[in-house]
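S.K.: structure of the sequence below:
(chains A, B, C and D)
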2 protein chains.
Amino acid sequence: MTQPRVKIRTVAEAAGVSVTTVSLVLNNVPSARVSAETRERIHQAARRLGYVPNEVARQLRSQRTKALGLLGDEVTTTPFAGRMVLGAQEAASKHGWLLMLLNSGLDPELERKEIAALIRGRVDGLLYTTMYHRVVRVPDQLRTMPTVLLDAEDETTDVPSVVPDEQDGAYLATKELLNHGHRRIGFINHSGDIPATWGRLNGYRRGLAEAGVPFAPELVVPVPPVAREGYGATLRLLGAERRPTALFCFNDRVAMGAYQAAAALGLRIPADVSIIGFDDQQEISEGLLPGLTTVALPHYEMGAWAVDALIARILDPQTPVERVLLPCPVVRRGSVGPPAF
Amino acid sequence: MTQPRVKIRTVAEAAGVSVTTVSLVLNNVPSARVSAETRERIHQAARRLGYVPNEVARQLRSQRTKALGLLGDEVTTTPFAGRMVLGAQEAASKHGWLLMLLNSGLDPELERKEIAALIRGRVDGLLYTTMYHRVVRVPDQLRTMPTVLLDAEDETTDVPSVVPDEQDGAYLATKELLNHGHRRIGFINHSGDIPATWGRLNGYRRGLAEAGVPFAPELVVPVPPVAREGYGATLRLLGAERRPTALFCFNDRVAMGAYQAAAALGLRIPADVSIIGFDDQQEISEGLLPGLTTVALPHYEMGAWAVDALIARILDPQTPVERVLLPCPVVRRGSVGPPAF
DNA sequence: TGCGTTTGGTAAAACGGTTTGTCAACGGAG
DNA sequence: CTCCGTTGACAAACCGTTTTACCAAACGCA
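M.R.: Just a heads-up that it's a prediction; the model follows:
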C-alpha cells in the first residue's frame, strides 16, 4: 500500500527500453515496429512488476474516459430499474466501459448540478433515464455531449431513445386472453396521462378489433395504478351484471388488488376469472398464487440497447439517430385459463 | 460542441494574470496572497467564459478522484438494493463525491476483473456489498485500497462494516405482537443458514422471554423464504389445534403467502389473525390489503453510513474501524390487532 | 562503393491542471 | 542609506500516460 507505485517508467527501465516502446508494446499498436525479443522482455517486466497503467493519466492524454453516466430521476430506487441498470452495466462491461450512476431525486436544481459534475470530463456520454416510460424535455446541457434516452422519449426527434412497445405488449396480453376463448375482457387502465395509458389502450382495442369483438366502453375503468384501486375496480367490474370473464390489468400492482378482490368475492383464479398483468414485477407476479401471467417490460434489453447505441455514437458521431420500441413478451404463469361461462 | 474548450490558460489570458494565480484564486487556497481586485477580475473572466476545470487533469495532479466504487454481487438488481444505492449516492453527493456502480453477477472471475478495472485509479475507495446480509471473505485485492462492507460482514475484524440489527428488529416485531395481547405467536423462519435466520430467531425468543411467554418449538417453522412456502407453512400453523393468534413472518414475501393462506381459510386480517413481516418491501407491504405491518431494513441508512465511513477513512486512514448494527424500525400498517381469542 | 529503404527504436511534446520556489517592489525600522 | 519583512504575483516542475516526429543502423541492390 505504501511502496511506490510502479509506473510505465519503472517498466521501461527494468526492460532497458524507452517509455515510448513500453507504451507501444503494451497497447499493441499495430503500426509499431518492435522486435519479438524486446516485446517479450517488456511483457515480462510488466508482469513481474505488476504494472497497471494509471487510468487517469491515460484519460487525460487520450481525452477519453471510457465511462458512461446514467442519470435518472430516482431511477436506481425503483423496483424494476434494477434490471435496466443491470442491462446497461453488462453492456458497458462488454465493451470495456464503466458506468457511473447518479440520481437527481425529483429536484431539477440538483439534476443540473449533477449533470455539471458529470460533465466535468468524467464521462464520454450520458444515458438519461426516467423511472417509467415518459416524455421528457432534454436539458440543454445534455446537448453538449452524446446522449441516449432510456425508457424515455424526447419531444424532438434528434436524440436516440429506447422505450417499451406498450401497444404491442397490450395487444399480446389481450390476444392471450382471446386465444383462451374470452370475449368479455375488462381492462383496468391507468387514469394518468402517460404513454403507457393510451399505448396499452390502443393495444387492447387492436386485439379486440382483430378478433371481431366489439369494444365496450363500460369494460374499461381507469384508476390510479395501485393495488387498492385495482381491488376497488375489480369489485365493480366483477360485481356487474354480465361480468367479464377475464381482466387485463394495467400493471401487476393493480393485478395484486384484483387477486384480493377475487378472493373476497369467492372467485377462484383462473377457474372463475382469468387475470393478466403488465410489467412483470417479480416480487408480485411470483408471489401471487397462482403465479400471475403478465407482460414483461424489456428493461434489461432497453438498458443494453441504450449503452450500445451510446457507445456507437461516441465512437462515430455520424451514427444515425434511432428511436426504437422494444417488444414486451408475455410471461405465462397460472392466472389465465378458459372462461368460466 | 465544437468550439475549443476553455481551459485555465484562457481564463488567465483574459484576466491578464498567470495560470498559477487563476488556480490559486479559483480554488481559494488560504495561503495565497492575491489582491482583491485581481481576484475579482479572475472570477469575472471565469464566469464570463464559462470555465469548468478539467476534472481529469485535476485528478492526475492531485492523485485523488473523489469517486467511490460500489461493487456488489447482483446488488443493483435486487428490489431493495435501490434504497441502499440511493442512500450511498446521496451521501456521496453531499460530500461532493461521485459513485460508480459495478456488479459482478455471481461470477467471481468477473468480480476480480471488475475490481481490477475499478482499481485502475478511477476511485479512491470501495463499497463492497451483497444483496442480502451475509458473511463474506474480502478479496485480497480490496485490501490495497480503503474499503467498507455494506450489508455484509467480514470474518476478520479489520474492515469496517454496517449491517442491519436483525435481532433487535425481530425483538421489536415480537414485542409489537405481544403488546397487542398475543401470547401464542407463530414464527415462519428462513430455513437457510444466514445471519438473518438466527438473528431473527434470537430476537423472537428474547421478546417472548422478556414477556414471560415460554418458547414453543412447534410454533416455529423454517421454510425457504418465498410466498408459496409461506402459504404452506401458514396452512399448517393455522390448521393446528390451539392455533397461534399471530404470525411473525421471516420476510414480506412469506407474509404475502400467509395472507393468501388466511384468505383461503376464511380468516380475516387482523380480526382473526395478526401478521407481521420483515424487510418492508413496499410493493408487497403496501399492496396487501390491509397494509402489512412489518419491520424495515435500514437500507438507505446503511448506504449513507457506509459512504460516510469510507470517505472518513480515505481522508484519514487512521480512522478507527467500526462495525455497526443499524436499527430496524417497525412500520405499522393494518395487519396487527388484538388476538381473536 | 554509394544510395534508397527497412527495421527498431527514442526524445520530446502534448493533455490541463496544482504546487513549489523565487522574485521584484515597497514600506517601515534602525 | 541600508536592511529586512511583507505583499502580490509568476515561472517552472510535476502528475503518468500517448503520440508525433525523427534518427541510427542495417540491409538490399546496382
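
S.K.: C-terminal to the helix or strand bottoming out on mean pLDDT in chain A, what's the next element?
M.R.: None of the helices or strands of chain A scores lower by mean pLDDT, DSSP states H and E than helix A:108-119, at a mean of 70. Going down the chain from helix A:108-119, the next helix or strand is strand A:125-136, by DSSP states H and E.

S.K.: now the element after that next one, going C-ward?
M.R.: Per DSSP H and E, the first helix or strand lying C-terminal to strand A:125-136 is strand A:147-154.

S.K.: distance check, the one residue in the stretch 101-250 of chain A that gets nearest to DNA strand C against residue A:197.
M.R.: Nearest to DNA strand C in the stretch 101-250 of chain A, going by C-beta to the nearest atom of the strand, is residue A:121, at a distance of 7.9 Å. All C-beta spots, glycine's among them, are computed from the backbone N, C-alpha and C. Taking C-beta to C-beta, to the nearest Å as the measure, residue A:121 falls 40 Å from residue A:197.

S.K.: what are the neighbouring residues in contact with the closest residue to DNA strand D within the stretch 101-250 of chain A?
M.R.: Per C-beta to the nearest atom of the strand, residue A:121 is where the stretch 101-250 of chain A lies closest to DNA strand D, at 13.4 Å. Contacts for residue A:121 were tallied using C-beta atoms under 8 Å, 6 or more residues apart in numbering or on different chains; they are A:65, B:54, B:55, B:56, B:57.

S.K.: just these that are near DNA strand C?
M.R.: Subset of the contacts of residue A:121 in contact with DNA strand C: B:54, B:57, counting by C-beta under 7 Å from any atom of the strand.

S.K.: dump the contacts of residue A:121 into JSON lines; add pLDDT as well.
M.R.: Formatted as JSON lines, those follow (pLDDT from 0 to 100):
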{"residue": "A:65", "pLDDT": "91"}
{"residue": "B:54", "pLDDT": "92"}
{"residue": "B:55", "pLDDT": "91"}
{"residue": "B:56", "pLDDT": "93"}
{"residue": "B:57", "pLDDT": "95"}
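
S.K.: can you tell me which of the contacts of residue A:121 end up in strands?
M.R.: Per DSSP state E, strands hold no members of these.

S.K.: in the sheet, who's paired with residue A:148?
M.R.: Beta bridges link residue A:148 to residue A:127 when assigned by DSSP bridges.

S.K.: the nearest residue to residue A:302 once chain neighbours are set aside: what secondary structure?
M.R.: Spatial nearest neighbour of residue A:302, chain neighbours left out: residue A:162 (4.8 Å); criterion: C-beta to C-beta, 6 or more residues apart in numbering or on different chains. Put simply, residue A:162 is strand when judged by DSSP: H, G, I helix; E, B strand; the rest coil.

S.K.: number of nearby residues for residue A:162?
M.R.: 26 (other C-beta atoms under 10 Å in any protein chain shown).

S.K.: same thing with residue A:163?
M.R.: For residue A:163, the neighbour count with other C-beta under 10 Å is 24.

S.K.: and the gap between the nearest residue to it once chain neighbours are set aside and chain B?
M.R.: Spatial nearest neighbour of residue A:163, excluding adjacent residues (C-beta to C-beta, 6+ apart): residue A:133 at 5.2 Å. To chain B, residue A:133 is 18 Å away according to C-beta to the nearest C-beta, to the nearest Å.

S.K.: low-confidence ranges, the stretch 51-200 of chain A, go.
M.R.: Along the stretch 51-200 of chain A, segments meeting pLDDT under 70 span A:74-77, A:104-110, A:117-118.

S.K.: quick check: residues of it near DNA strand D?
M.R.: So the stretch 51-200 of chain A meets DNA strand D at A:51, A:53, A:54, A:57, A:58, A:60, A:61, A:62 (C-beta under 7 Å from any atom of the strand).

S.K.: save the residues you listed as a markdown table, and put in neighbour count too.
M.R.: A markdown table is the format used below for these (neighbours: other C-beta atoms under 10 Å in any protein chain shown):
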| residue | neighbour count |
| --- | --- |
| A:51 | 20 |
| A:53 | 17 |
| A:54 | 17 |
| A:57 | 16 |
| A:58 | 19 |
| A:60 | 20 |
| A:61 | 11 |
| A:62 | 9 |
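
S.K.: quick check: residue A:271 touching residue A:341?
M.R.: No. Using C-beta atoms under 8 Å, residue A:271 is not in contact with residue A:341; the gap is 11.3 Å.

S.K.: higher neighbour count, those two?
M.R.: residue A:271 (10 against 6).

S.K.: can I assume that one sits in a helix?
M.R.: No. Judged by three-state DSSP, residue A:271 forms no part of a helix; its state is coil.

S.K.: residue contacts, it?
M.R.: Listed by C-beta under 8 Å, 6+ apart, the contact partners of residue A:271 are A:337, A:340.

S.K.: pretty sure residue A:306 is touching residue A:162, no?
M.R.: Yes. Counting by C-beta under 8 Å, residue A:306 touches residue A:162, with 5.4 Å between them.

S.K.: list residues touching both of those two?
M.R.: A:148, A:149, A:150.

S.K.: so how many other residues sit close to the residue nearest to the last one when sequence neighbours are not counted?
M.R.: Counting by C-beta to C-beta, 6+ apart, residue A:129 is the residue found nearest to residue A:150 once chain neighbours are left out, at 3.9 Å. Burial measure for residue A:129: 27 neighbouring residues, criterion other C-beta under 10 Å.

S.K.: ok, now residue A:230?
M.R.: 32.

S.K.: that one contacts residue A:252, doesn't it?
M.R.: No. The criterion here is C-beta under 8 Å, and residue A:230 misses it with residue A:252 at 9.4 Å.

S.K.: just to revisit the earlier point, so what's the residue nearest to residue A:302 up against?
M.R.: Counting by C-beta under 8 Å, 6+ apart, residue A:162 makes contact with A:148, A:149, A:150, A:151, A:302, A:305, A:306, A:309, A:323, A:324, A:325, A:326.

S.K.: cutoff 7 Å now
M.R.: By C-beta atoms under 7 Å, 6 or more residues apart in numbering or on different chains, residue A:162 lies in contact with A:150, A:302, A:305, A:306, A:324, A:326.

S.K.: what's the pLDDT at residue A:39?
M.R.: The predicted structure scores residue A:39 at 96 on the pLDDT scale.

S.K.: element containing it?
M.R.: Using DSSP H and E, the element containing residue A:39 is helix A:36-49.

S.K.: briefly note if that helix comes near DNA strand C.
M.R.: Yes. On the criterion C-beta under 7 Å from any atom of the strand, helix A:36-49 is in touch with DNA strand C at A:37, A:38.

S.K.: elements contacting that helix?
M.R.: Helix A:36-49 sits against helix A:8-15, helix A:19-26, with contacts defined as 3 or more C-beta pairs under 7 Å, 6 or more residues apart in numbering or on different chains; DSSP states H and E.

S.K.: check the burial of residue A:165 by counting its neighbours.
M.R.: 18.

S.K.: backbone dihedrals for it, please?
M.R.: Dihedral pair for residue A:165: phi -80, psi 80, per degrees, to the nearest 10.

S.K.: list the contacts of it.
M.R.: Residue A:165 makes contact with A:325, A:326, A:327, A:328 under the criterion C-beta under 7 Å, 6+ apart.

S.K.: rerun that using 10 Å as the cut-off
M.R.: Residues in contact with residue A:165 (C-beta atoms under 10 Å, 6 or more residues apart in numbering or on different chains) are A:171, A:172, A:199, A:203, A:297, A:298, A:324, A:325, A:326, A:327, A:328.

S.K.: again, but for residue A:11
M.R.: Counted by C-beta under 10 Å, 6+ apart, residue A:11 has contacts A:17, A:19, A:21-23, A:25-26, A:42-51, A:53.

S.K.: also residue A:136?
M.R.: Neighbours of residue A:136 in contact, by C-beta under 10 Å, 6+ apart: A:73, A:128, A:129, A:130, A:149, A:152, A:153, A:154, A:155, A:161.
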